[in-house]
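> curious how this folds, go ahead:
(one chain, ligands or ions: 2)
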Amino acid sequence: PTPDTWRRVDAYLTELLVGHDPALDQAVEDQNQAGLPAIEVAPVNGKLLHLVARMSGARRVLEIGTLGAYSTIWLARALPEDGRVVTIEAEPRNADIARANLDRAGVGDRVDILLGRGADVLPTLEGGESFDLVFIDADKESNTIYLDWAARLGHPGTIVMVDNAVRGGEVANPATENPQIIGVQRGLEMLGRDPRFDATALQTLDAKGYDGIALALVV
Ligand code: DHB
Ligand code: MG
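Ligands and ions are numbered 1, 2, ... in the order given. Here you go, the predicted structure:
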């Protein structure tokens with residue numbers, strides 16, 4: 001398929017199955033307006049996160065990498081009344097945009113934005129209530145650190161999803177010198193080898209191009 005094919009199919013599926021939501025559309029628009037990179041998940045993948053959270057009955061969700069809170073809104077809307085999303089963002093400007101987007105979407109009261117680098121913030125969550133679903137979508141160089149914390153802050157049955165598992169196919173290039181790709185590779189290797197996880201990964205073709213998502217269970 002050419003990019004034209006998968007963009008057309010993505011638009012078709014998005015129209016049929018995802019539809020439009022003013023708060024989500026506005027979140028993306030404000031994020032773009034503020035000059036943030038357009039690297040939020042595609043609508044079909046936002047809906048995937050949302051459905052996995054609902055299918056699993058997740059009550060506590062941890063997100064690493066908030067950006068403008070597009071995926072955060074999808075996740076927060078999947079939770080029961082007493083549910084909570086804890087989302088970690090390193091960039092204060094992004095966190096400000098995210099906060100406004102979450103409040104406008106009506107889910108601000110069930111989302112905590114923790115400001116800082118994941119590697120600094122995650123240890124502060126130790127000893128708190130564990131997480132049922134973890135979505136990793138931040139600096140790819142740190143994926144193994146984030147996966148380690150996902151296992152430590154989760155429990156048997158916790159679902160872990162990792163965005164950007166394929167990166168245009170570069171993930172299968174053993175000679176890559178791109179530190180982000182190497183980070184994705186190390187993360188996938190960890191999912192294959194670390195006995196705390198059982199995992200798979202899917203290639204995706206959508207509005208964001210050719211990438212993928214890894215899905216793991218904490219065992
Ligand atoms: C990049 C990061 C992402 O999380 C994504 O979904 C797409 C691109 C990036 O850093 O380039
Ligand atoms: Mg991503």
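> buried set for stretch 88-98?
Ile88, Glu89, Ala90, Asn94, Ala95, Ile97, Ala98 (16 or more other Cβ atoms under 10 Å). Heads up, the C-betas are built off the backbone N, CA and C, glycines and all.
> all strands of the chain, in order?
Using DSSP state E, the strands of the chain run over 60-64, 84-89, 111-115, 133-136, 159-163, 197-206, 209-218.
> and the pLDDT for the residue lying farthest from the centre of the chain?
The C-alpha centroid of the chain is most remote from Ala175, which lies 26.7 Å away (Cα atoms, centre = their mean). Looking at Ala175, its pLDDT reads 98.
> up against ligand 1, what does the protein have?
Within the chain, the residues that sit near ligand 1 (Cβ under 6 Å from any ligand atom) are Ile39, Asp137, Asp163, Asn164.
> what's near enough to touch the last one?
Taking Cβ atoms under 8 Å, 6 or more residues apart in numbering as the criterion, Asn164 is in contact with Asp137, Lys140, Val184, Asp211, Gly212, Ile213.
> ok, and the closest non-adjacent residue to the fourth one?
It refers to Asp211. Val166 (4.9 Å; Cβ to Cβ, 6 or more residues apart in numbering).
> Ala42 is in contact with Val18, correct?
No - applying Cβ atoms under 8 Å, one finds Val18 not in contact with Ala42, separated by 9.2 Å.
> around ligand 2, pick out the residues from this structure.
For the chain, the residues in contact with ligand 2 (Cβ under 5 Å from the ion) are Asp137, Asp163, Asn164.
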